[in-house]
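[1] Provided below for reference: sequence and predicted model.
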Amino acid sequence: MLSAPRLRLVGIVILLGCLFGLMVWFGSLTPAPEVGAYPGEEQLGTNYDAWTGDKASLTGTIVDTDPLTISAEYGTVEHVQLQVSGADVQAQEGDRLAVYGVVEPDHTIRTLNAYTVPSANYPYMYTVSFLAGLWVLGRLVRTWRIDWETWSLEPRTDPLRLSNVATRSQTEDHDA
């Protein structure tokens, strides 16, 4: 008979397999504007003329401000350059521009909605996310422990405190 830890391991493997399968399935879906899935960088980069007159949603790096031009990456290293008309945004070269609009001839997007993300926001975002991850990890380690016999997380009866850990390591150093 399988023990509880083996059943949990089998369950985790099955769930991870389902997650991987759903990611592959979602990645294979084609744009469907009628349900809000508009063509993006990949579709415009590979077959621009097929989408002329349709609405599209994409994000790219601003490479010129007069006229407003973005370079959107698709595939592994390929880019499509598009002129953006009708965007009422304060744009600077290097910023990211998210555009929702109508695909026009000659690699032009007529903007229905657009916003910029300044390049300075990315270091801030990654720093705050990293610190938040450390905070959550610290709370997890402080208030929970792993029960290796049942392969489960259990709440600690006495949460760890930094002062207790430091005192314990000093006591172990003196005993050695």
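    Received it, and whenever you're ready, just let me know what you need. Residues are numbered from 1 along each chain as shown.
[2] quick one, strands of the chain?
    For the chain, the strands defined by DSSP state E occupy 55-65, 68-74, 78-85, 96-104, 108-117, 144-147, 152-155.
[3] give me the residues contacting the last one.
    If you take CB atoms under 8 Å, 6 or more residues apart in numbering as the criterion, strand 152-155 is touched by 8, 143-147. Heads up, the C-betas are built off the backbone N, CA and C, glycines and all.
[4] lowest-pLDDT helix or strand in the chain?
    Lowest by mean pLDDT, DSSP states H and E among the helices and strands of the chain is helix 162-175, with a mean of 63.
[5] returning to that earlier point: would you reformat the strands of the chain as CSV and include mean pLDDT, mean neighbour count and distance to residue 3?
    CSV is the format used below for the strands of the chain (pLDDT from 0 to 100; neighbours: other CB atoms under 10 Å; distance: least, CB to CB, whole Å):
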stretch, mean pLDDT, mean neighbour count, distance to residue 3
strand 55-65, 92, 18, 49
strand 68-74, 93, 19, 48
strand 78-85, 93, 17, 51
strand 96-104, 94, 19, 51
strand 108-117, 93, 16, 50
strand 144-147, 91, 13, 14
strand 152-155, 90, 10, 13
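[6] which one of those strands lies nearest to residue 126?
    Of all these, it is strand 108-117 that lies closest to residue 126, at 13.3 Å by CB to CB.
[7] what strands flank that closest one, and is each parallel or antiparallel?
    Within its sheet, strand 108-117 is paired with strand 78-85 (parallel), strand 96-104 (antiparallel), according to DSSP bridges.
[8] re the thing from before, any chance of the contacts of strand 152-155 in JSON lines with distance to residue 25 as columns?
    Shown next, in JSON lines, are these (distance: CB to CB, whole Å):
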{"residue": "8", "distance to residue 25": "26"}
{"residue": "143", "distance to residue 25": "37"}
{"residue": "144", "distance to residue 25": "34"}
{"residue": "145", "distance to residue 25": "37"}
{"residue": "146", "distance to residue 25": "33"}
{"residue": "147", "distance to residue 25": "36"}
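[9] report the two of these separated the most.
    Maximum pairwise distance among the contacts of strand 152-155 (CB to CB): 21.3 Å, between 8 and 143.
[10] count the residues that sit near residue 9.
    Around residue 9 sit 13 other residues, with neighbours defined as other CB atoms under 10 Å.
[11] before we move on, back to that, please identify which of the strands of the chain is closest to residue 163.
    Closest to residue 163 of those is strand 144-147 (CB to CB; 18.4 Å).
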